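Student: Have a look at this fold, sequence not included:
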């Protein structure tokens, strides 16, 4: 089994795709006006409009209703990304903070309220974990 992507459902696909393009620096690939993907070397963030929910089963997903998942992106310099995103992100949850497990993390919310973690491994064990 191989995790391929995480998909977000949104009422405003243009806004959310634009936000993630700014955060990641990755240009989205649009399959239809209701579905886009941001492909990174390790995984894909897929974004679908609420119009796609009917394909899976009415009520199977609700936009802006996530309270359990954190979307995580490893970055080269979380402090630099914090500075770069000051005008893009409206809801920072914290400032860059070094976590007990060795990652320096910045948490913020996307326009739909989904929690995002940009992190940089900074301790020897955290760096070793991600250089396997």
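Tutor: Looks like it came in fine. Just so you know, these numbers come straight off a predicted model, no measurement behind them.
Student: CA atoms for contacts and neighbours, from now on please.
Tutor: Noted.
Student: count of neighbours near residue 118?
Tutor: For residue 118, the neighbour count with other Cα atoms under 10 Å is 24.
Student: who's in contact with it?
Tutor: Shown in contact with residue 118 (Cα atoms under 8 Å, 6 or more residues apart in numbering): 72-75, 78, 105-107.
Student: Present these as CSV; the columns should include neighbour count and distance to residue 38.
Tutor: What follows is the contacts of residue 118, written out as CSV (neighbours: other Cα atoms under 10 Å; distance: Cα to Cα, whole Å):
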residue, neighbour count, distance to residue 38
72, 14, 13
73, 18, 12
74, 16, 15
75, 17, 15
78, 23, 20
105, 26, 21
106, 22, 20
107, 20, 20
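Student: Give me the subset of the residues you listed that lies in helices.
Tutor: Mapping the contacts of residue 118 onto helices (DSSP state H) picks out residue 78.
Student: Just send the contacts of residue 118 back as a markdown table, with distance to residue 122 too.
Tutor: Formatted as a markdown table, the contacts of residue 118 follow (distance: Cα to Cα, whole Å):
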| residue | distance to residue 122 |
| --- | --- |
| 72 | 16 |
| 73 | 15 |
| 74 | 11 |
| 75 | 11 |
| 78 | 10 |
| 105 | 10 |
| 106 | 13 |
| 107 | 16 |
